[in-house]
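Novice: Quick one, structure for this:
(one chain, ligands or ions: 1)
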Amino acid sequence: MARRKFIAGNWKMYKTTAEATVFAQMFRMLLEEKPIPQADLAICAPFTQLAALEEAFRGSSVGVGAQNMHFAEEGAYTGEISAPMLKEIGVDICIIGHSERRQYFAETDETVNRKLEAAFAAEIVPIFCIGETLKERDAGQAFAVVERQLRAGLSGIPEANAVEAVIAYEPVWAIGTGRTATADQAQEMCAFIRQTLVSLYGVEAADRICIQYGGSVKPENAEELLAQPDIDGALVGGASLVPEQFHEICNAVSAMVK
Ligand code: PGA
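Specialist: This is a model prediction of the structure:
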């Protein structure tokens, strides 16, 4: 089955609202010059930029996503944002379990699982991130780690929800380092992820699930990565901050017919 491509930018903690609005204007101009109907596009921005971006991208093909959310609907969780709060302002995409959150903000497979449940309950599409560290890869544990994260994150999630998920394979050693996984390495792991999804949900469901690659995706390597049979999109950090670069990455899908 031909899966649609999905390219998302992850702005991390970059850009003020003023800068975000300028980005949106420039990116819309680029899309008007060269539309990319073959892919779904989104920008995942810091919380304070989301409302302005919703406004700035209204009527365009670009979705707006958050980078994190809490698993509770509401409660005494100072500093946190819930899924219904995101939904209220029109945000229906959210990165869950990014490695930076696992590393610096004590996210665990268990909190990731609860956040995925909460995202589905609120009809937010999660971009569920998994990936091994360099130490784990060097120790020959990459597949075991990725399988553990995937199974734990999806624990108890029914097939009807899982098919709506986006899985982002992001080897930690390739994030922000300029060191991309080779297309073969990325494909190998994304195929393994799909096999694991087959064992969880069956062939038909696994075939529908979008798997992105993330980690130093750039205009120069996007086409080769996106051409891989099990890579259905990209989660782009640094290169998504520059409208021309992000547009060029998104446009890489125009070159391919799967
Ligand atoms: P990068 O980040 O493209 O800057 O490596 C990717 C990510 O963290 O999602």
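Novice: Ala8 contacts Ile43, correct?
Specialist: Yes: with contact defined as CB atoms under 8 Å, Ala8 and Ile43 form a contacting pair (7.2 Å). Any C-beta I mention is one placed from the backbone N, CA and C, and that applies to glycine too.
Novice: joint contacts of the two?
Specialist: Gly65, Ser240 (CB atoms under 8 Å, 6 or more residues apart in numbering).
Novice: wait, does stretch 62-75 contact the ligand?
Specialist: No: using CB under 6 Å from any ligand atom, stretch 62-75 never reaches the ligand; the gap is at least 9.2 Å.
Novice: Distance from the chain centre to that stretch, please.
Specialist: Going by CA atoms, centre = their mean, to the nearest Å, the spacing between the C-alpha centre of stretch 62-75 and its chain's C-alpha centre is 13 Å.
Novice: Can you get me the start-to-end distance on it?
Specialist: Using CA to CA, to the nearest Å, the gap from the first to the last residue of stretch 62-75 comes to 31 Å.
Novice: With stretch 40-48 instead?
Specialist: The first residue of stretch 40-48 is 23 Å away from its last residue (CA to CA).
Novice: pull the longest helix from this protein.
Specialist: For the chain, the helix with the greatest residue count under DSSP state H is helix 183-201.
Novice: and that helix, what does it pack onto?
Specialist: In terms of contacts (3 or more CB pairs under 8 Å, 6 or more residues apart in numbering; DSSP states H and E), helix 183-201 is packed against helix 142-153, helix 159-162, strand 166-169, helix 203-208, strand 210-214, helix 219-226.
Novice: Can you say which of those is nearest to Ala76?
Specialist: Proximity of the helices and strands packed on helix 183-201 to Ala76 was assessed by CB to CB; the nearest stretch is helix 142-153, lying at 25.6 Å.
Novice: Pull out the buried residues from the closest one.
Specialist: Ala142, Phe143, Val145, Val146, Glu147, Gln149, Leu150, Gly153 (16 or more other CB atoms under 10 Å).
Novice: for stretch 124-140, same thing?
Specialist: Ile124, Val125, Pro126, Ile127, Phe128, Cys129, Ile130, Gly131, Glu132, Thr133, Glu136, Arg137.
Novice: Quick check: phi and psi on the second one?
Specialist: Read that as Val125. phi -80, psi 120 (degrees, to the nearest 10).
Novice: What residue, apart from its backbone neighbours, is nearest it spatially?
Specialist: Leaving out its chain neighbours, the residue that sits closest to Val125 by CB to CB, 6 or more residues apart in numbering is Ile93, at 4.9 Å.
Novice: Repeat that for Cys44.
Specialist: Once flanking residues are discounted, Cys44 sits nearest to Gly65: 3.8 Å by CB to CB, 6+ apart.
Novice: I'm done for today, thanks for sticking with me.
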